[in-house]
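Chemist: Quick one, structure for this:
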Amino acid sequence: MSAMNSAMKKHALGVLQEYVRNHERRGPFKAHQCMTSRLLSSVIIESEALGGTMLSHFWERLRACYPKFNENVRELQKTKHRSDEASSEVLLQGVPDCYEINLKPVYDMAAETFIHLGLALMNPGGRDSVNGYPPDYPSDKPALRLRRLPGLNWGKKTIDRLFKVALVRNKELQHLALQTLALRRDGIESPLTRLSFADECAPGIGLREITNPPILTQIIPNTICTNDTSLQYISMFSGVPVTTLLKYLNTVDNLLLTQCYPQLEFACFKYAIEAQVASNGQVKYIHRDRRPLLLNDGDDDDDEYEIYPEEVAVLPNDGDELFFGRGTEGVRLGPGPLPVLCNIRLAVQRFLINSKYSIRALNILHKKADNFSLDGFPAQLITPHFRDLLSGALGDAYGPQVITYEAILHEALQDENLPDGVPSAAC
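Modeler: As a prediction, the model looks like this:
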């Protein structure tokens with residue numbers, strides 16, 4: 001990072017911590033629910049570590065809020081960072097009634113970050129989700145029936161043939177080809193749970209059962225392929241070109257295999273995978289649980305995140321190494337998922353948790369969405385309409401003094417999506 005970028009990063013974090021934080025506290029959310037300043041601070045830190053451009057994007061949005069900000073941001077570029085207060089003072093020089101300025105572009109950025117990096121990467125249902133379940137769960141789904149047809153001979157198909165089948169438009173055949181490729185790469189034991197895959201249920205731990213059929217889990221949900229804004233945000237966040245993302249999202253490089261409960265927990269950011277690439281190209285995969293981040297932030301309320309001992313016990317500990325590439329074709333198909341995709345998702349998990357209320361808001365929306373007849377969460381919230389509702393609530397200093405994310409969800413899904421007897425709730 002250049003000296004100028006380093007200084008502007010410190011100025012940005014200072015302005016967010018001092019000016020934007022005080023600005024958003026005038027809004028309708030309770031102080032602990034305000035997430036704009038913490039969300040944007042955290043996303044800038046993680047983006048800079050990845051080589052992304054969210055810092056530049058923030059300054060563009062801030063400049064658009066008020067004409068004088070253009071001149072003052074140029075002054076900040078020539079000023080060393082001394083303190084959060086000093087950075088805000090330079091930004092606000094010659095600006096009357098600074099707390100009356102409409103920071104809509106900044107609140108839009110917070111809402112878009114929450115939606116296109118948070119909700120868009122939350123994909124509880126796998127490749128073709130229906131009501132929160134992967135397409136091959138339960139066992140009577142078409143994908144499993146196709147897998148059991150002896151005439152298709154999945155176990156005998158060559159790697160080149162599987163690559164071709166993975167490109168067909170039939171979703172079930174595509175799914176099974178990718179599943180077979182992942183099994184050939186990683187083997188018949190889940191790298192995450194270390195349980196062997198089977199077609200039936202094995203005895204679980206505690207009060208639950210662990211379903212053992214292999215379930216495809218996407219690192220970055222391929223549903224973003226049809227959403228240009230989500231693709232652009234992931235590209236800005238990570239520094240990875242959109243063309244590169246599109247190249248890998250529908251391949252085995254974006255996939256891992258696990259069982260049902262670990263797959264759902266992965267989708268909800270309860271853990272992620274860090275990929276460490278050595279100078280010689282060797283890749284080491286590390287399990288990263290979110291609980292150490294929660295505890296570091298002074299938040300040990302496990303009930304808020306629905307962490308169950310019987311489910312956690314199946315997964316490795318934070319910092320444990322995960323072993324991919326141990327299948328019969330591991331040499332040809334690579335050592336595991338593409339490292340850059342793993343690290344993008346890990347960075348998203350970090351900034352959501354470090355911004356504190358963002359991860360709570362995601363879980364609130366996830367829980368409340370179960371009350372609606374949705375085709376699949378969160379696709380129906382990754383829209384300009386929901387962005388406008390969320391941004392308006394975040395930045396509304398004169399709105400109702402009691403507001404919840406559930407109310408925003410009701411407003412976003414009103415009319416035909418509301419179940420009978422549930423009134424719409426305006427923000």
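Chemist: all strands of the stretch 301-427 of the chain, in order?
Modeler: 321-322 (DSSP state E, counting those that start in this stretch).
Chemist: And R38, how far from I353?
Modeler: R38 sits 11 Å away from I353, taking C-beta to C-beta, to the nearest Å as the criterion. For every residue, glycine as well, the C-beta is placed using N, CA and C.
Chemist: which of the residues in stretch 247-265 are buried?
Modeler: Going by neighbour count (16 or more other C-beta atoms under 10 Å), the buried part of stretch 247-265 is 248-265.
Chemist: What's the mean pLDDT across it?
Modeler: Mean pLDDT, computed over stretch 247-265, is 88.
Chemist: roughly how far out does the helix or strand encompassing E46 sit from the chain middle?
Modeler: Using DSSP states H and E, E46 sits within helix 36-50. When C-alpha coordinates are averaged (C-alpha atoms, centre = their mean, to the nearest Å), helix 36-50 and its chain have centres 14 Å apart.
Chemist: okay, the angle between the helix or strand that that helix is followed by and helix 36-50?
Modeler: For helix 36-50, the following helix or strand on the C-terminal side (DSSP H and E) is helix 54-63. Orientation of helix 54-63 against helix 36-50 (axes from the mean of the first three to the mean of the last three C-alpha atoms, to 10 degrees) gives an angle of 140 degrees.
Chemist: CA atoms of helix 54-63 as CSV?
Modeler: Extracted C-alpha coordinates of helix 54-63, given in CSV (Å, rounded to 0.1, in the frame of the first residue of the first chain):
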residue,chain,number,x,y,z
MET,A,54,-13.6,-0.1,-1.6
LEU,A,55,-11.5,2.7,-0.1
SER,A,56,-11.6,4.7,-3.4
HIS,A,57,-15.3,3.9,-3.7
PHE,A,58,-16.0,5.3,-0.3
TRP,A,59,-14.3,8.6,-1.1
GLU,A,60,-16.2,8.8,-4.4
ARG,A,61,-19.5,8.4,-2.5
LEU,A,62,-18.5,10.9,0.2
ARG,A,63,-17.5,13.5,-2.4
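Chemist: Can you tell me which of the buried residues of stretch 247-265 end up in helices?
Modeler: Counting by DSSP state H, the buried residues of stretch 247-265 place 248, 260-265 in helices.
Chemist: among those, which two are most distant?
Modeler: The largest separation in these, counting by C-beta to C-beta, is between Y248 and Y261 at 26.4 Å.
Chemist: contact partners of the helix or strand hosting I273?
Modeler: Element membership of I273 [criterion: DSSP H and E] is strand 271-277. With contacts defined as C-beta atoms under 8 Å, 6 or more residues apart in numbering, strand 271-277 is touched by 219, 256, 265-266, 283-290, 315, 322, 336-337, 339-340, 342-343, 345-346, 349.
Chemist: which residues does the closest residue to L394 other than its chain neighbours contact?
Modeler: Spatial nearest neighbour of L394, excluding adjacent residues (C-beta to C-beta, 6 or more residues apart in numbering): Y107 at 4.6 Å. Taking C-beta under 8 Å, 6+ apart as the contact definition, Y107 lies against 24, 36, 391-392, 394-395.
Chemist: What of L39?
Modeler: Neighbouring residues of L39 by C-beta under 8 Å, 6+ apart: 110, 113-114, 351, 355, 358.
Chemist: Quick check: C34 touching E24?
Modeler: Yes - contact criterion C-beta atoms under 8 Å: C34 and E24 qualify, at 4.8 Å.
Chemist: overlap in contacts of these two?
Modeler: With C-beta under 8 Å, 6+ apart as the test, C34 and E24 both reach L394.
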